[in-house]
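1. sequence first, predicted coordinates after that:
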Amino acid sequence: MKVARRSDVPPFAVMEILAAAKARRAAGKDVVILCAGEPSGGAPAGVRERAAALLAQGDLGYTEATGTPELKAALARHYRATYGADVPADAIAITTGSSGAFLLAFLAAFEHGDRVALARPGYPAYANILTALGCEVVDLECGPDQRYQPTVEQLEAEGPFDGLVLASPANPTGTMVTPDELAAIAAWCGRTGTRLVSDEIYHGITYAGAPEAATAAAFREDGAIVVSSFSKLWGMTGWRLGWLVLPDDLVAPVDALAGNLALCPPTLAQHAALAAFDDDGMAAARAATKRYAQCRQMLLDALPRLRWDPVAPADGAFYLYGDIAWTGLDSPTYCARLLDEAGVALTPGTDFDPVGGRARVRLSFAVAPDELATAIDRIVAWQDGLTTGA
């Protein structure tokens, strides 16, 4: 029996490392897990309490294919309050995580053979989903000189494209585009007929000195698509709840695809997520971001000891992407040995950049400060052992 060629995509390495780290923990071995982009605090208390009450009521049937009107209305209010953007509730589609949002957006927006541009380094699932759908993925090499983000000049030189996926804050670098840069990229996409897909799942998690987080929802009338999620800002990873802000021409196609692919997003998560927008839910999100800022500063202060130079600026999100070339190890070997010998799980840069990532690792600092402090000490001690031969 044949296996479809569309399934011939590489696995997401971070999930393999996470599985290995959890197996180590299950075997009774100590491990600090800093490989996955998963907030350690979990969902706000109000979300969990609302979910418990809903479970007690027992009414959790199907919802509308693209989500409940109540949650869409809450998100529309969120866009007005946060960005001053007037987003109609019916332009929003609730999805099964941002992963489901990307699949629906790519299915609706791109044909087999379309050329879609991605920044490198970048989140690997973009390329893998597009490849599985038969699109041509065009890597845009975005180095430190352009803060790991594409520019209009680069797009002009390397286009034309049918689509562009832009992430701000980006994974794995945490870098952001400024509002002016986003406007310029959106304008270029509009002029050239390039569908802009803006990954904004880390919005709300930014740090002092970072650019203002602007949303491509302001350009939806020009064809831009926004992808976002409850997973990061509100720590709701396993709830599998994301959303799309769609231009008018994609509202009906996404609705039709969603009904066929998943019937509806998770009902319990949708109803519980309404509590994310109340005062306590937003306060919990701000408290989590404050904790990430503390951890980020701990890492920046520890850079002379870690010797991960250079590192990406980490304007937002909760990652540090650093260079470990001086160790003499490629990043897959570095991460495998670090987990085995020091009990710290990181992600090799090859997951995000198959070309330059062999000298890079990504650390997620979405953990408690004391856990991060332990990991830093272990990494430094282990690296010192590499240089001394201990």
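-> Here it is on my side, so go on. Residues are numbered from 1 along each chain as shown.
2. what is the mean pLDDT for the lengthiest helix in the chain?
-> Counting residues, the longest helix found in the chain (DSSP state H) is helix 279-306. Helix 279-306 shows a mean pLDDT of 96.
3. low-confidence ranges in this structure?
-> Low-confidence regions of the chain, defined by pLDDT under 70, span residues 388-390.
4. so what are the domain limits for it?
-> Under the assignment automatic domain parsing, the domains of the chain span 5-43+281-383, 60-276.
5. for the ones you listed, give me a markdown table that also has mean neighbour count and distance to L54.
-> C-beta here means a position set from N, CA and C on the backbone, and glycine is covered the same way. Formatted as a markdown table, the domains of the chain follow (neighbours: other C-beta atoms under 10 Å; distance: least, C-beta to C-beta, whole Å):
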| stretch | mean neighbour count | distance to L54 |
| --- | --- | --- |
| domain 5-43+281-383 | 19 | 13 |
| domain 60-276 | 20 | 5 |
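6. can I get the ones you listed in TSV with distance to E49?
-> As requested, these are exported to TSV (distance: least, C-beta to C-beta, whole Å):
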stretch	distance to E49
domain 5-43+281-383	10
domain 60-276	7
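7. ok, which of the ones you listed comes nearest A53?
-> Go through the domains of the chain one by one with C-beta to C-beta and the one that ends up closest to A53 is domain 60-276, at 8.9 Å.
8. end-to-end on that closest one?
-> End-to-end distance for domain 60-276: 19 Å, by C-alpha to C-alpha, to the nearest Å.
9. same question for stretch 201-208.
-> End-to-end distance for stretch 201-208, by C-alpha to C-alpha: 19 Å.
10. how far off centre is it?
-> Distance, stretch centre to chain centre, for stretch 201-208: 11 Å (C-alpha atoms, centre = their mean, to the nearest Å).
11. spit out the contact partners of A45.
-> Listed by C-beta atoms under 8 Å, 6 or more residues apart in numbering, the contact partners of A45 are D280, A284.
12. over to the one 4 residues further on?
-> Counting by C-beta under 8 Å, 6+ apart, E49 makes contact with A275.
13. doesn't it lie inside a helix?
-> Yes: E49: assigned to a helix according to DSSP: H, G, I helix; E, B strand; the rest coil.
14. quick one: it from G61, how far?
-> As judged by C-beta to C-beta, to the nearest Å, E49 and G61 stand 21 Å apart.
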